[in-house]
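Asker: here's a sequence, model it:
(chains A and B)
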Amino acid sequence: GNSVTQMEGPVTLSEEAFLTINCTYTATGYPSLFWYVQYPGEGLQLLLKATKADDKGSNKGFEATYRKETTSFHLEKGSVQVSDSAVYFCALSDSGGSNYKLTFGKGTLLTVNP
Amino acid sequence: NAGVTQTPKFRILKIGQSMTLQCTQDMNHNYMYWYRQDPGMGLKLIYYSVGAGITDKGEVPNGYNVSRSTTEDFPLRLELAAPSQTSVYFCAATGGRVPSSYNEQFFGPGTRLTVL
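Answerer: Okay, here's the model as predicted:
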């Protein structure tokens, strides 16, 4: 079956530091890949996505590239801000007959200190 | 558009009680989902629906029931609540008029349930 493994947290960084959160996946077919963000007390919001190999998703300074050869979708940001403190979830959707269900990683808590 | 709304936001139940978590979406999306989020465990799919009148089990359906009588509403029913059902519950929806719209699920704000 499908699975997502992401870097365990918590991750604590200083403002303006470089961020990487690793994510690897196992899936049948050709999944779409996502990063969702959950701010304290809120639901999940889509941060970025990529639907095919070598696609790069980007939003709010975050980037992730769909690497089929390494089955990875690592999240990066060059300079984090305090407002980026949240839980980040990597997820995949194997749309080939799976009814667009999402399989999530366990989440990585990021805390950015001023 | 309100998107996906959930009620209540918080609830405390006693063991053996029952309740219904409400979920409504105004985006005319076909697919709807219920997830539970436990600390450090990500989100697990409980039930999902591909349209009115059609529901199916997800990864962790035991102790829950759902119905989908309209496109907009997808309530989750807990019968005989147990402490293991203490969790945060999220409803989500996807699927509009174009295929690319199925590439994002829209989430509600969640319901925090405690069973004592």
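Asker: where does pLDDT dip in the chain?
Answerer: Answering for chain A, as no chain was given. A:95-98 (pLDDT under 70).
Asker: I was thinking of chain B, sorry if that wasn't clear
Answerer: B:96-103.
Asker: show the contacting residues for A:Glu15.
Answerer: With contact set as Cβ atoms under 8 Å, 6 or more residues apart in numbering or on different chains, A:Glu15 has these partners: A:80-82, A:112-114. Glycine gets a C-beta too; all of them are placed from N, C-alpha and C.
Asker: between these, which has the most around it?
Answerer: A:Val80 (22 neighbours; other Cβ atoms under 10 Å in any protein chain shown).
Asker: mind checking how far that residue is from chain B?
Answerer: 22 Å (Cβ to the nearest Cβ, to the nearest Å).
Asker: now distance to A:Lys101 too, for the contacts of A:Glu15, in TSV please.
Answerer: Conversion of the contacts of A:Glu15 to TSV gives the following (distance: Cβ to Cβ, whole Å):
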residue	distance to A:Lys101
A:Val80	31
A:Gln81	33
A:Val82	34
A:Val112	32
A:Asn113	36
A:Pro114	39
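Asker: can those go into JSON lines with extra columns for secondary structure?
Answerer: Formatted as JSON lines, the contacts of A:Glu15 follow (DSSP: H, G, I helix; E, B strand; the rest coil):
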{"residue": "A:Val80", "secondary structure": "coil"}
{"residue": "A:Gln81", "secondary structure": "coil"}
{"residue": "A:Val82", "secondary structure": "helix"}
{"residue": "A:Val112", "secondary structure": "strand"}
{"residue": "A:Asn113", "secondary structure": "strand"}
{"residue": "A:Pro114", "secondary structure": "coil"}
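Asker: tell me the one of those residues nearest chain B?
Answerer: Distance to chain B across the contacts of A:Glu15 (Cβ to the nearest Cβ) is lowest for A:Val112, with 20.2 Å.
Asker: beta-bridge partners for that closest one, please?
Answerer: Per DSSP bridges, the residues bridged to A:Val112 are A:Leu13.
Asker: was I right to think it contacts A:Leu13?
Answerer: Yes. Counting by Cβ atoms under 8 Å, A:Val112 touches A:Leu13, with 5.3 Å between them.
Asker: tell me where chain A has strands.
Answerer: Under the criterion DSSP state E, chain A contains strands at A:3-6, A:11-14, A:19-21, A:23-26, A:32-38, A:44-50, A:56-59, A:62-65, A:75-77, A:86-93, A:102-104, A:108-113.
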